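*Asks:* Below are the sequence and a predicted model; questions follow.
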There are 2 protein chains.
Amino acid sequence: MPTPEKIIYDPNPPVDPRVETLVNELIGRVADKWTLLVLEELEDHGTCRFTELSRRVPGISQKMLTQTLRQMERDGLVVRTVHPVVPPKVEYCLTDLGHSLGEAFCGVWVWAEANLERVARARMAFDARG
Amino acid sequence: MPTPEKIIYDPNPPVDPRVETLVNELIGRVADKWTLLVLEELEDHGTCRFTELSRRVPGISQKMLTQTLRQMERDGLVVRTVHPVVPPKVEYCLTDLGHSLGEAFCGVWVWAEANLERVARARMAFDARG
DNA sequence: TCCCTATACTCTCCAAAAGAAAGTAGGCAC
DNA sequence: GTGCCTACTTTCTTTTGGAGAGTATAGGGA
């Protein structure tokens, strides 16, 4: 006999599971540490060059910056403009979509700033409990 | 002679760089794929047991679920309640802090749902350009 | 002439993180 | 005894990430 498959009452509105999967994937893609930090820099400083970003985003490697920017470009979050000069000059800026994502993340930045202390205290308490 | 250290005008309000570093760290910690998905499940379904979560969060391994829950507990986002019975029973639920983070992320879920199509189209266009 | 600089990558190598799968504890039903 | 149940660990393999060197090209200086 197959597993009887418990019926659990779900108080939430029925959502197409395929949409949910896609949303989860997109969240996983976009809620990435480096994507967030790059997004924030471009929000704050507008159009930036590659080296400028690598200086501004603390701790990012060139490899990850390139990779992150490519993915963001593919997802339609940034535009990449190449100026055919020597030495090379490439500029990145947010699209409307990228900007709207930045706004969506605004609440998280505010939360982080507001709750730094609480998290720090929670960690100390946890670590003290062993 | 040391590098002359270009002076760039920064239009943003001066923020203590130490605070910024801490916020960045916290964002990196909290804006993690699995943390987000677990947070969302606990928001939607309230208190959950370990196995329930591992069933609900698509694709998570037991190792990552344990690890994610531990970190969330350390950060004060969830409470872990052990019922000393056999077989073991452990329940997880969000704290106020966890709940507030869930609300902060709400905008991102809404954004993802609203912009799935745009991202999909952007990707197709990008891939078509080669 | 040769060398150096600047920029935006790209490549290679190694360490760290994540995933898959099997193992563990310890009562309980059979 | 055998096997089951849950919430983990442990081990092993694969993937990912970071450090650092290499690349192309034009202009400037010795």
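*Replies:* Yep, it's here.

*Asks:* most residues in a single helix of chain A, which one?
*Replies:* Secondary structure of chain A per DSSP state H: the longest helix is helix A:96-129.

*Asks:* Show me what from chain A comes close to DNA strand C.
*Replies:* Counting by C-beta under 7 Å from any atom of the strand, chain A comes close to DNA strand C at A:49-52, A:62-63, A:66, A:69, A:80, A:86-91. Using the backbone N, CA and C atoms, a C-beta is placed for each residue, glycine as well.

*Asks:* Quick one: check the lowest-mean-pLDDT helix or strand in chain A for contact with chain B.
*Replies:* Least confident element among the helices and strands of chain A, by mean pLDDT, DSSP states H and E: helix A:17-30 (a mean of 90). Yes: Helix A:17-30 is in contact with chain B by C-beta under 8 Å from any C-beta of the partner chain, via A:19, A:21-24, A:26-28, A:30.

*Asks:* what's near enough to touch A:Q67?
*Replies:* By C-beta atoms under 8 Å, 6 or more residues apart in numbering or on different chains, no residues touch A:Q67.

*Asks:* Relative to A:G102, how far out is it?
*Replies:* Relative to A:G102, A:Q67 is positioned 20 Å away (C-beta to C-beta, to the nearest Å).

*Asks:* Next: A:W109.
*Replies:* Relative to A:G102, and taking C-beta to C-beta, A:W109 is found at 9 Å.

*Asks:* Could you do A:K89 as well?
*Replies:* From A:K89 to A:G102 the distance is 24 Å (C-beta to C-beta).

*Asks:* With A:E41 instead?
*Replies:* Using C-beta to C-beta, one obtains 10 Å as the distance from A:E41 to A:G102.

*Asks:* Repeat that for A:M72.
*Replies:* A:M72 is 11 Å from A:G102, by C-beta to C-beta.

*Asks:* Among those two, which residue is more densely surrounded?
*Replies:* Per other C-beta atoms under 10 Å in any protein chain shown, whichever of A:M72 and A:G102 has more neighbours is A:M72, with 27 against 19.

*Asks:* quick one: pLDDT of the more buried one?
*Replies:* A:M72 carries a pLDDT value of 98.

*Asks:* Does it touch A:L37 like I think?
*Replies:* No: A:M72 is beyond contact range of A:L37, at 11.5 Å (criterion: C-beta atoms under 8 Å).

*Asks:* Give the closest residue to A:L26 in space, chain neighbours not counted.
*Replies:* Ranked by C-beta to C-beta, 6 or more residues apart in numbering or on different chains and with sequence neighbours excluded, the top spatial neighbour of A:L26 is B:A112, at 4.7 Å.

*Asks:* The longest helix of chain A vs DNA strand D: in contact?
*Replies:* No: on the criterion C-beta under 7 Å from any atom of the strand, helix A:96-129 is out of touch with DNA strand D, staying 14.2 Å away.

*Asks:* which helices and strands does that helix pack with?
*Replies:* When contacts are defined as 3 or more C-beta pairs under 8 Å, 6 or more residues apart in numbering or on different chains; DSSP states H and E, helix A:96-129 packs onto helix A:33-45, helix B:17-30, helix B:62-74, helix B:96-129.

*Asks:* Put the buried members of the residues of helix A:17-30 next to chain B into a ChimeraX selection.
*Replies:* Of those, the buried ones go into a single ChimeraX selection, burial set by 16 or more other C-beta atoms under 10 Å in any protein chain shown:
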select /A:22,23,24,26,27,28,30
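
*Asks:* Please consider this matter closed, and thank you.
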